[in-house]
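In: structure here, sequence nowhere to be found:
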């Protein structure tokens with residue numbers, strides 16, 4: 001399998017300090033600058049990212065060089081676009097980090113506005129497209145000026161900006177998951193078959209594959225009160241099953257409502273073959289899903305990695321909200337989720353030794369883009385090359401992606417029964 005070139009732009013080791021004269025000139029001293037401050041990170045063509053910036057009180061202190069506050073993942077086309085001058089923007093694209101004090105909101109009934117401290121700019125250069133690790137900036141730099149001190153620089157920002165090659169494998173389900181599609185690897189315009197996906201449903205209706213009438217009747221029956229018995233197997237080109245996912249906790253409406261709630265989520269078990277016992281499976285991960293109601297409903301997908309040790313521990317790796325109508329992206333990325341511990345992802349074919357991968361270098365693991373309810377969803381999956389040592393490693397993430405995709409459908413509101421009139425109403 002040949003990977004596609006991606007580049008990871010990381011911004012970390014953030015810290016903010018003020019000159020003593022700046023603090024002294026303020027009427028309230030250090031309290032004039034609430035901790036933590038915040039910053040907006042802009043890169044042309046990407047959504048604005050916001051993160052906190054801790055204050056550094058000791059002049060000799062340096063923020064943790066391993067901490068990552070924000071990351072951008074660039075494809076080759078993204079880098080070319082940043083390096084190409086345009087008609088409607090400046091010829092030099094740049095990374096911009098604007099630091100603010102305070103946050104928008106209310107305090108004691110009064111509006112609180114953000115106050116801009118200063119901006120750090122770093123122009124995009126040819127080194128962005130070389131595909132090599134490079135530190136673009138590392139250290140302290142003055143931002144903003146203090147009007148009460150003759151226009152001298154009043155604040156200093158510490159940051160570390162780095163580029164790293166982050167090659168990925170890209171896969172596409174060629175049809176909706178329920179139609180048991182082929183899964184191909186994408187390399188430019190080339191599509192190479194890698195896996196096949198086999199969907200089945202073992203409900204009390206006992207669906208017979210290929211029988212439209214029995215399938216329809218079973219869907220009506222299952223739709224009434226629960227969705228269960230869904231299974232997905234991933235097969236390699238030889239036809240061997242190399243990963244699977246199946247519902248272990250049915251998707252059922254919570255008491256008093258017609259949707260799957262957080263108090264009682266549905267759950268999938270993601271499994272891999274047991275090399276010691278043919279036709280047996282070993283647990284690898286668990287995916288829970290439920291519906292979050294609001295102006296725009298969302299499907300929450302929460303993924304735990306299961307420990308292979310005797311303690312049977314669970315490690316929370318991702319908890320993502322996906323727009324129920326438009327769809328969205330599920331991902332496992334230790335940089336983008338601060339609540340996620342840096343737990344290395346073990347290879348499904350390994351002995352379960354978690355020491356093979358560095359927690360510091362975990363970063364992006366996988367992403368899966370799916371469509372919303374009622375739409376033809378053909379999941380697009382990206383896997384970090386460093387987490388794939390064999391075909392089976394990729395297969396287990398295909399099973400996870402299929403479970404995420406099917407969870408969008410499994411979390412659809414259930415049909416309510418009427419005492420009189422028609423049987424069901426959407």
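Out: Structure received. Keep in mind the model is a prediction, meaning the values are calculated, not measured. Numbers count the residues shown, from 1 in each chain.
In: tell me how far residue 37 lies from residue 139.
Out: For residue 37, the distance to residue 139 equals 19 Å [CB to CB, to the nearest Å]. In this view, the C-beta of every residue, glycine as well, is placed from N, C-alpha and C.
In: who has more neighbours, these two?
Out: More crowded of residue 37 and residue 139, by other CB atoms under 10 Å: residue 37, with 22 against 12.
In: report the separation between the more buried one and residue 50.
Out: Going from residue 37 to residue 50 by CB to CB gives 11 Å.
In: same question for residue 143.
Out: 17 Å.
In: the more surrounded of these two?
Out: Higher neighbour count among residue 143 and residue 50: residue 143, with 21 against 13, using other CB under 10 Å.
In: surely that one meets residue 116?
Out: No. Applying CB atoms under 8 Å as the test, residue 143 and residue 116 come out as separate, 9.7 Å apart.
In: mind listing the helices for the protein?
Out: Using DSSP state H, the helices of the chain run over 20-25, 76-83, 212-225, 391-410.
In: would you single out the least confident of these?
Out: Lowest mean pLDDT within these: helix 212-225, a mean of 49.
In: what's the closest non-adjacent residue to residue 96?
Out: residue 42 (4.5 Å; CB to CB, 6 or more residues apart in numbering).
In: so the one you found touches residue 119, yeah?
Out: No. Judged on CB under 8 Å, residue 42 makes no contact with residue 119 at a distance of 9.5 Å.
In: low-confidence stretches in the stretch 101-250 of the chain?
Out: For the stretch 101-250 of the chain, the stretches flagged by pLDDT under 70 are 102-113, 145-153, 203-224.
In: could you give the number of residues near the residue nearest to residue 96?
Out: Residue 42 sits with 15 neighbouring residues when counted by other CB under 10 Å.
In: can you give me the pLDDT of it?
Out: Predicted confidence (pLDDT) for residue 42: 96.
In: how close does it get to residue 57?
Out: Distance from residue 42 to residue 57, by CB to CB: 28 Å.
In: residue 171 now?
Out: Look at residue 171 and residue 57: by CB to CB, they are 48 Å apart.
In: neighbour count: the two, which is higher?
Out: More neighbours surround residue 171 than the other of residue 171 and residue 57, with 25 against 10 (other CB under 10 Å).
In: so who does the closest residue to the more buried one other than its chain neighbours touch?
Out: Of all residues not flanking residue 171 in the chain, residue 381 sits nearest, at 4.4 Å (CB to CB, 6+ apart). With contacts defined as CB atoms under 8 Å, 6 or more residues apart in numbering, residue 381 is in contact with 170, 171, 172, 173, 366, 367, 368, 369, 397, 398, 401.
In: what bridges to the third one?
Out: If I follow you right, that is residue 172. residue 184, residue 380 (DSSP bridges).
In: tally of neighbours for it?
Out: The local packing of residue 172 (other CB under 10 Å) involves 18 other residues.
In: is it true that it touches residue 191?
Out: Yes. Under the criterion of CB under 8 Å, residue 172 makes contact with residue 191 at 7.5 Å.
In: need the overlap of contacts for the two.
Out: Common neighbours of residue 172 and residue 191 (CB under 8 Å, 6+ apart) are residue 184.
In: neighbours around the closest residue to residue 129 other than its chain neighbours, how many?
Out: Spatial nearest neighbour of residue 129, excluding adjacent residues (CB to CB, 6+ apart): residue 79 at 4.7 Å. Using other CB under 10 Å as the criterion, residue 79 is surrounded by 21 other residues.
In: please apply the same query to the one 5 residues further on.
Out: Counted with other CB under 10 Å, residues neighbouring residue 84 total 9.
In: and it, how far is that from residue 128?
Out: Distance of residue 84 to residue 128, computed by CB to CB: 12 Å.
In: before I go, just wanted to say thanks for your time.
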